[in-house]
Structures are given as structure tokens and as C-alpha cells.
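> give me coordinates for this.
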Amino acid sequence: MRTLEEVGNEECENKEKEGMTKSHYLMIFISSLLISITGGSLLGWWLHKYHPTNAQLWMVPFALILLFTPAIVSLSVIMSGPSIHKNDEEDVLNTNQRIHPLANSLCDPKR
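Presented below is the predicted three-dimensional model:
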């Protein structure tokens, strides 16, 4: 019979293997959408209230950053998706790099 500690460790390992679930992606999508909506609303408010007098110009770049940043981040994550490896440990173990001894090198402690 397994102990509670073994069961708890097994559950944690399974959750780590699962990675991000659909609910995580949904929360990220909703937060990105809210940030973009905030940026668009801020830009619309500036256009309605301050554009005729060209006052409060700091709001324009701030609103544009809020409006377009989630889209740019999403595109960069999607574009880099194929280049991300699933298991980095295997990549590290499978590299064929030679290890050179320190003898006669600049980092040799005997030098």
C-alpha cells in the first residue's frame, strides 16, 4: 500500500508533466484581451476629451502600448513555438561537445 506522501509526490509530478492546462490559456487570453480593451478605451477617451486641445499627450503612447503589446507578445510566442524543445534535459544530454582539460589553458590553476 502506498503512503500519502508517495501519492502526493506522484500527483505533483503528474501536474508538472501536464504543463499549462486549458484554464491557464483561457486566463492568459482573457487578461490579454482586457489589457487591449483598456488601451483602446484609453485612446478613445483621449480622442473624445483631449484631442481638440492636444492636451494630455502622454496618454496616446501609453494607450498604444497597452493596445498592441498583447498582440505582439502573442505573435512572438506563436512564431517561436516550433523552435521550443519539449524536453531540454534530453537536449543537454545529447549534445556532442568535447570537454577540454584545463592543462595548458589560461584558466589552468597551476599557471
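> ok, which stretches of this structure are helices?
Ranges of helices in the chain, per DSSP state H, are 4-18, 22-49, 59-80, 88-93.
> is it possible to get TSV of those helices that adds mean neighbour count and mean pLDDT?
(Each C-beta comes from the backbone N, C-alpha and C, glycine too.) TSV is the format used below for the helices of the chain (neighbours: other Cβ atoms under 10 Å; pLDDT from 0 to 100):
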stretch	mean neighbour count	mean pLDDT
helix 4-18	9	54
helix 22-49	13	93
helix 59-80	13	91
helix 88-93	9	57
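> give me the distance between the closest residue to residue 45 other than its chain neighbours and residue 33.
Once flanking residues are discounted, residue 45 sits nearest to residue 59: 7.8 Å by Cβ to Cβ, 6 or more residues apart in numbering. Separation of residue 59 from residue 33 (Cβ to Cβ, to the nearest Å): 21 Å.
> can you check residue 27 too?
Applying Cβ to Cβ, the value for residue 27 to residue 33 is 11 Å.
> then residue 24?
Per Cβ to Cβ, residue 24 is found 15 Å from residue 33.
> and if you look at residue 65?
16 Å.
> sorry, back to before: the residue nearest to residue 45 is in contact with residue 46, isn't it?
Yes: between residue 59 and residue 46 there is a contact under Cβ atoms under 8 Å: 4.3 Å.
> need the per-residue pLDDT for residue 83.
pLDDT, residue 83: 66.
> can you offset everything so residue one is 22?
That works, and once the first residue is 22, the last one we named lands at residue 104.
> residues near the residue lying closest to residue 71 once chain neighbours are set aside, how many?
Spatial nearest neighbour of residue 71, excluding adjacent residues (Cβ to Cβ, 6+ apart): residue 77 at 4.4 Å. Counted with other Cβ atoms under 10 Å, the neighbours of residue 77 add up to 13.
> tell me the contacts of residue 83?
Contact analysis of residue 83 by Cβ atoms under 8 Å, 6 or more residues apart in numbering lists 60, 63.
> kindly recompute the last result at 7 Å.
Listed by Cβ atoms under 7 Å, 6 or more residues apart in numbering, the contact partners of residue 83 are residue 63.
> kind regards, and thank you for your time.
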